[in-house]
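Visitor: Here you go, sequence then predicted model.
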Amino acid sequence: MIKKLRRKFILINMLLISSVLLIVFSVLLYTNYQRLESISFNDMRQALSRASDKAPPKFEIGGSRPQGLPAMTPVICAILNDNGDILETVGQNVEITPQALQQAVQLALDSPGTSGSISSLDLRYLKQETPNGTKIAFADRSHELNSIKSMLLSSLLVGAGGLFAFFLISVFLARWALRPAEKAWEQQRQFVADASHELKTPLTVILANTGILLAHRESTIQQQLKWVEYTRTEATRMKELVDSLLFLAKSDSCRAPSPQIPVDLSNAVWSSLLPYEPVAFEQGVTLNSSISPNLFILGDSGQLQQLIVILLDNACKYAGEHGIITLTLEQNQTKAHLTVHNTGGFIPQNQLDHIFERFYRMDQSRARQTEGYGLGLSIAKTIVENHGGKISASSTPLSGTSFEVILPLKP
C-alpha cells in the first residue's frame, strides 16, 4: 500500500510539474512568436513609408537609435502600377529572383486581406494602396521559424532536464513525506498481528475448556469446577487486554479526556505503593520508598495510580531474587520527579530504545515466564504524555534499571 501511495504521489507531482512547464514554455513561445511577428510588420511598414529614392537612415554606434531605422529583418518592397506590373523593387538586406518575386506578388494580390503569409516561399506580406498603384512589402520568415525552432528545441531540452530533476526530487520527497505514514502503517500492522497473537492463546484455552465441559454434560459444576475457573481466568486476561487496547486506541485518536483536576500525587503514590508491600515480601524483594508530601498536579487520579502500579509491577517482575526496589518522589523546581529503580538484570541499549513500544517484550520467544502482554510500559508512556510529562528508562550492569517520570506540578 505504501509503495502504491508513493507511486501515486510521484505521478501527481510529475503531472502538476509537467502542466506548469507546458504552460510556461507555451506562453514563452507564443510571446516570442508575437514579438517576431510585430517586428516583421514594423519593418514592412517602415519599408512602405520610405520613398524609393530615399536611402535608409544610418545608425551611429554609441548614439541613440534614429526614428525609422529598419531592423535586421530581410524586407523587399515591390511598387506596382494599376495593372499590377512591377515598376520598381526596393530591397533591404534581401535578394530575390524575379520569378519568385513575381509569384509572391501574384499570391499577395490574389489574397483578400492587406496582410498575410505565403507558406510556400516563407514570406510575410503587407499591402498598401497608393494613388499611383500598390506597394507590397515582403519580409523573410525564415529567421522567425529558425528562432521559434531554436526556442522549441531549447524548451524541450530544458523541460526534459527539469522533469528529470523534478522526478528525482519527487522520489526523495515521496520517501520523506510518506516516512511517517509508512512507520504508522508498519506499527499498525504489527499492532494488529501482536494483538491477534495475544488474543489467540486465551481464546484457544477457553474453547478447549468449553469443549471439555460439553463432553461431560452429565457432570455437575462442582465436578468440572477447575475447567470453569480456567475459563474465567482466561476471560479475565482477555478483558484486561481488551481494556488496554481500548485505552491506547482512545489515546491514539485523541479521544482521551484532558486531565484538569487537581490530584495529590503524593497520596496517589502512597495508595499504589501500600498494596505492593506484601507482593514484594512474597517475592523476596525489598521495597524502599521516599515520598515528598503535598505534591499536586493537574490530572486523572485513576490514570496516575495505574501508571504507578505499572512501574511497580514491572519492577517486581524483574528485580530478581533478593532484589531491591526503590521508589522516590520529589520536587525539582516546578516539576515532580518520580523514580522507580530495581536491581534486576541489565537491559542493553538496543532493547532499551524499544521498551516503550507496544507488545515489545525482551523475551522474543513470547514464553510466558512473566505475566503481561508487553503493553504496560506503552500505557505508562501514554498516561505520562496525557499529563504533559516525560518518561525515560536507563540501565547499567552494576546498579540495575530505573524508570524516571517527570510531571509538571500544579501552579
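Guide: All right, it came through fine. Numbers count the residues shown, from 1 in each chain.

Visitor: rest of the way, CA atoms for contacts and neighbours
Guide: Will do.

Visitor: what ranges do the strands span in this protein?
Guide: 75-80, 86-92, 115-118, 123-130, 133-140, 261-264, 286-291, 296-299, 324-332, 335-342, 390-396, 400-408 (DSSP state E).

Visitor: which stretch among the ones you listed comes nearest residue 12?
Guide: Checking the strands of the chain against residue 12 by Cα to Cα gives strand 390-396 as the closest, at 40.0 Å.

Visitor: coming back round to it: between the strands of the chain, which gets the lowest average pLDDT?
Guide: The stretch with the lowest mean pLDDT among the strands of the chain is strand 86-92, at a mean of 74.

Visitor: Which parts of the stretch 151-300 of the chain are helices?
Guide: For the stretch 151-300 of the chain, the helices defined by DSSP state H, counting those that start in this stretch occupy 179-215, 225-252, 265-273, 276-282.

Visitor: re earlier: could the strands of the chain be laid out in CSV, adding distance to residue 204 and mean neighbour count?
Guide: As requested, the strands of the chain are exported to CSV (distance: least, Cα to Cα, whole Å; neighbours: other Cα atoms under 10 Å):
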stretch, distance to residue 204, mean neighbour count
strand 75-80, 96, 24
strand 86-92, 100, 16
strand 115-118, 89, 16
strand 123-130, 90, 18
strand 133-140, 91, 24
strand 261-264, 42, 16
strand 286-291, 37, 16
strand 296-299, 39, 22
strand 324-332, 36, 19
strand 335-342, 35, 23
strand 390-396, 35, 17
strand 400-408, 35, 21
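
Visitor: In TSV, list these along with distance to residue 225.
Guide: Shown next, in TSV, are the strands of the chain (distance: least, Cα to Cα, whole Å):
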stretch	distance to residue 225
strand 75-80	113
strand 86-92	117
strand 115-118	105
strand 123-130	107
strand 133-140	108
strand 261-264	43
strand 286-291	37
strand 296-299	43
strand 324-332	38
strand 335-342	39
strand 390-396	43
strand 400-408	41
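
Visitor: right, so the helices of the stretch 151-300 of the chain: which one is the most enclosed?
Guide: helix 265-273 (a mean of 19; mean count of other Cα atoms under 10 Å).

Visitor: neighbouring contacts of that one?
Guide: 291-297, 301, 304-305, 308-309, 312, 329 (Cα atoms under 8 Å, 6 or more residues apart in numbering).

Visitor: Could you tell me the angle between that helix and strand 335-342?
Guide: Orientation check (axes from the mean of the first three to the mean of the last three Cα atoms, to 10 degrees): helix 265-273 against strand 335-342 gives 20 degrees.

Visitor: Begin at 878, not 1, for the rest of this chat.
Guide: All right, first residue 878 from here; so that's helix 1142-1150.

Visitor: Export helix 1142-1150 to CSV, keeping only CA atoms.
Guide: C-alpha atoms of helix 1142-1150 as CSV (Å, rounded to 0.1, in the frame of the first residue of the first chain):
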residue,chain,number,x,y,z
LEU,A,1142,0.4,12.9,43.5
SER,A,1143,2.0,12.0,46.9
ASN,A,1144,-1.2,10.4,48.2
ALA,A,1145,-1.7,8.6,44.8
VAL,A,1146,1.8,7.1,45.1
TRP,A,1147,1.2,6.0,48.7
SER,A,1148,-2.1,4.4,47.7
SER,A,1149,-0.5,2.5,45.0
LEU,A,1150,2.6,1.6,47.0
